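J.: Turn this into a model:
(one chain, ligands or ions: 2)
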Amino acid sequence: MAKPKFKTVQEVVAAGERLPERYLYTSTGDGEGGQPFNGSLQEMEITSIDLSLLFSSSDVGREEVNKLHSALSTWSVVQVMNHGITETLLDKVYELTKQFFALPTEEKQKYAREIGSSQGYGNDMILSDDQVLDWVDRLYLITSPENQRKLKFWPNIPIGFRETLNEYTMKQQLVVEQFFKALARSLELEDNCFLEMHGKNATMETRFNMYPPCLRPDKVLGLKPHSDGSAFTLLIPDKNVEGLQFLKDGKWYKASIIPHNIMINVGDTMEIMSNGIYKSPVHRVVLNREKERISVATFCNADKDNEIQPVYGLVSEARPRLYKAIKISEKTYFDYYQQGRRPIEAALI
Ligand SMILES: O=C(O)CCC(=O)C(=O)O
Ligand SMILES: [Fe+2]
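T.: Ligands and ions are numbered 1, 2, ... in the order given. Here you go, the predicted model:
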């Protein structure tokens, strides 16, 4: 299989060349609120949810479910604690990611993605000549179900990467199942209703992001504004370097980080299934002049053969159906993404 010819951002930096035009936005800010990418922003308080309380039938449990509902209907993102994944494991995933990206180029290129496939190591996918490129290198792997893993893209070095990713995936699966059920509860639906539509062959896809330092954080973005195509996304953000921002009512806010909580944001699939009650937030990543930033995002993506639509219990005369039934394909997602558009537009009635 042919590998795409590309220079990763790390290679651009190592070559010490002038910042290539292809990464530059020509106007500062992006029209949305007219705020420069790296200006000082108000911090959004992301509500912390105790996962271990969500299934308790006590008053405390019901309160936690209400808290989840209110946080997701306003900000579309929460930080989850008591999720059953140890701090040691989370730190290990982060450290191994850092170590992978610190390897020599030749070593990382062994896992380079092939043309037409998103799995593997590489830079931003280039779909058109006028696309402004994201300042991020990434390793993208399908981690679940096991029979969809492509192990040739799973790094052998740093030692322990594969085992740790496997362990992290197993632990995340438990969180994902509970979170789907909690979302259903928060909307007074039967526990399995989202899980069933999401499907038995739903995937978990983990993206390891590395944003190298950038001399023009005012003109270059780590990730352009986008919403995730997933039902929801589990994120380990960098504990030390900020960069993630969310758009709300035309204004950008920087995300507050609580170390060792897992951040979970709603994705397009859940926006459709919940008939627009839980919105998929637009977010972006800005850069730092001196420091690199690492993050690990796991997308919970629906079975590609399943039609996604608003679940029965959330459509009524008072709340008419907002979205058609659609299949969410990777190709449509990236086409829209690179044009700075949201694939969910295609589902609107
Ligand atoms: O790096 C981050 O904090 C966010 C990553 C993200 O939004 C993504 O990978 O879709
Ligand atoms: Fe994202």
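J.: Mind listing what's buried along stretch 15-25?
T.: By neighbour count, with 16 or more other Cβ atoms under 10 Å as the criterion, the buried positions of stretch 15-25 are Y23. Every C-beta, even on glycine, is put in place using the N, C-alpha and C of the backbone.
J.: cool, stretch 276-296 as well?
T.: For stretch 276-296, a neighbour-count test (16+ other Cβ under 10 Å) marks 276-288, 292-296 as buried.
J.: pLDDT (mean, whole number) over it?
T.: Here the mean pLDDT over stretch 276-296 is 97, rounded to a whole number.
J.: from the chain's centre, how far out does it sit?
T.: On the basis of Cα atoms, centre = their mean, to the nearest Å, stretch 276-296 is displaced by 8 Å from the centre of the chain it belongs to.
J.: How many residues are close by the residue in the stretch 101-250 of the chain that ligand 1 sits nearest to?
T.: Closest contact between the stretch 101-250 of the chain and ligand 1, by Cβ to the nearest ligand atom, is at L244 (3.8 Å). Summarising burial for L244: neighbours were counted as other Cβ atoms under 10 Å, giving 23.
J.: quick one: contacts for it?
T.: For L244, the contacting residues are 235, 237, 254-255, 283-285, 295, taking Cβ atoms under 8 Å, 6 or more residues apart in numbering as the criterion.
J.: Kindly recompute the last result at 10 Å.
T.: For L244, the residues meeting the contact criterion (Cβ atoms under 10 Å, 6 or more residues apart in numbering) are 77, 222-223, 235, 237-238, 253-257, 263, 265, 283-286, 293, 295.
J.: Give me the subset of those residues that also touch ligand 1.
T.: Counting by Cβ under 6 Å from any ligand atom, 223, 235, 237, 283, 285, 295 from these sit close to ligand 1.
J.: can you pull up the bridge partners for the fifth one?
T.: According to DSSP bridges, the partner residues bridging V285 are L223, L244.
J.: Touching, it and Q245? I think so.
T.: Yes - look at V285 against Q245 with Cβ atoms under 10 Å: they come within range, at 7.4 Å.
J.: Touching both of these two, which residues are there?
T.: Taking Cβ under 10 Å, 6+ apart as the contact rule, the neighbours common to V285 and Q245 are 37, 221, 223, 225, 255.
J.: thinking again about what came up before, closest one of the ones next to ligand 1 among the contacts of L244 to P145?
T.: L235 (21.4 Å; Cβ to Cβ).
J.: Next, the closest one: phi, psi?
T.: Backbone dihedrals for L235, given as degrees, to the nearest 10, come out at phi -130, psi 130.
J.: so it touches G243, yeah?
T.: No - taking contact to mean Cβ under 10 Å, the distance of 11.8 Å between L235 and G243 leaves them out of contact.
J.: list the residues that contact both of these two?
T.: Common neighbours of L235 and G243, using Cβ under 10 Å, 6+ apart, are 209, 255, 257, 295.
J.: how about the residues of the stretch 101-250 of the chain that lie near ligand 1?
T.: For the stretch 101-250 of the chain, the residues found near ligand 1 under the criterion Cβ under 6 Å from any ligand atom are 207, 209, 223, 228, 235, 237, 244.
J.: Which of those are buried? Put it as a ChimeraX command.
T.: Selecting only the buried entries of those in ChimeraX, with 16+ other Cβ under 10 Å as the criterion:
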select :207,209,223,228,235,237,244
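J.: could you dump the residues of the stretch 101-250 of the chain next to ligand 1 to JSON lines with pLDDT and distance to E146?
T.: Below are those laid out as JSON lines (pLDDT from 0 to 100; distance: Cβ to Cβ, whole Å):
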{"residue": "R207", "pLDDT": "98", "distance to E146": "18"}
{"residue": "N209", "pLDDT": "98", "distance to E146": "24"}
{"residue": "L223", "pLDDT": "96", "distance to E146": "28"}
{"residue": "D228", "pLDDT": "94", "distance to E146": "23"}
{"residue": "L235", "pLDDT": "98", "distance to E146": "23"}
{"residue": "P237", "pLDDT": "96", "distance to E146": "27"}
{"residue": "L244", "pLDDT": "97", "distance to E146": "30"}
